[in-house]
Structures are given as C-alpha cells and as structure tokens.
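Participant: My questions concern the predicted model and sequence given below.
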Amino acid sequence: MAVIIDLYSRQVIGWSMDTRMTATLVCDALSMALFRRGFPEHVIVHSDRGSQYCSKDYRELIITYNLKQSMSRKGNCWDNACVESFFHSMKVEAIQYEPIMTRDAMRQTIFEYIEVDYNQTRRHSALGYLSPVNFEKQNVA
C-alpha cells in the first residue's frame, strides 16, 4: 500500500493498494493526490528511500508536474513520522482485530477507513482535535 498525505491537514489525498510495492503502485497514489489537489506545481513530495520512489516512472511523474522530490535520510524513520503514524492508526483501528479477509474485503475496509473514518471523522490532536477535512475547511482560504 502507498499513501500520499497532505502534511498540513494530515489528510490522505492519494492511496493505492496492490499485492506488491511497485513503481506503478506509488505512481497511482501520486496521480490520485495530484488529481484531488488540482495538479498543483512546485510542491514537495516526501517519501522514504524505497526503490519504487527512485524509479524512472515515479521521477518522470514528479518532473512532469513540476514537483520537488524529497527523501528521508538513510535509516531515519522519523522523517516519515506522519505516514508512520497513519499506518499505525490504520492497523490498530481498522485491521488488527478483524478476521482474515479476502483481498476485496481488505480493499473495502481500507477504503472505508481512509475515506470515511480517517479523513472525515477521526479527530487529530495535532489539528486541534478536528478531522483533517474540517481542519482544512477552517484553515484554507
């Protein structure tokens, strides 16, 4: 699974799931994020140092949309704290106590967690106990 999170609002703006972590997977997540945000230019896209983020296809997408690529320092998980926190929350709140699911059921569970619970209703202490959507509504001109 790959996710793109707006670090200001903590909203998941792009995500993709597949059986393997590939360049196509991260390109799909970034494409969703770009579409949802109206194809902004000159924004920083941060990731870890996985090979999929170094791939030709991903770098071409970054260049095509005039984005700036940023990568974590080697061996430093704190650079991706927001994404790490999201994955922890998702595992604990949506997956941990669920019975083993089919791939389709898992995709539906993840969709509901991201698009309904996490973005729309889950309150975040870093956002003054607002959901990402409500925080964005209040703070974006």
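Facilitator: Here it is on my side, so go on. Numbering: from 1, shown residues only.
Participant: Pull the residues that contact the one helix or strand I62 maps to.
Facilitator: Using DSSP states H and E, I62 sits within helix 56-64. Helix 56-64 is contacted from outside by A23, T24, V26, C27, L30, S31, V45, Q52, L67, K68, Q69, using C-beta atoms under 8 Å, 6 or more residues apart in numbering. In short, each C-beta sits where N, CA and C put it, glycine included.
Participant: what about the spatially closest residue to the first one that is not a sequence neighbour, how many residues close to it?
Facilitator: Right, A23. Setting aside the residues directly before and after it, A23 is nearest to S55 in space (C-beta to C-beta, 6 or more residues apart in numbering), at 3.6 Å. S55: 16 surrounding residues under other C-beta atoms under 10 Å.
Participant: Now do the buried residues in the longest helix seen in the chain.
Facilitator: Ranked by number of residues, the top helix in the chain under DSSP state H is helix 23-36. Residues of helix 23-36 classed as buried by neighbour count (16 or more other C-beta atoms under 10 Å): A23, T24, L25, V26, C27, D28, A29, L30, S31, M32, A33, L34.
Participant: What does the pLDDT read for C77?
Facilitator: We have a pLDDT of 67 for C77.
Participant: All the strands of this structure, residue numbers only.
Facilitator: 2-5, 12-16, 44-47, 68-71 (DSSP state E).
Participant: any idea of the mean pLDDT in the first one?
Facilitator: Per-residue pLDDT values over strand 2-5 give a mean of 93.
Participant: Then the third one?
Facilitator: Over the span of strand 44-47, the pLDDT mean works out to 90.
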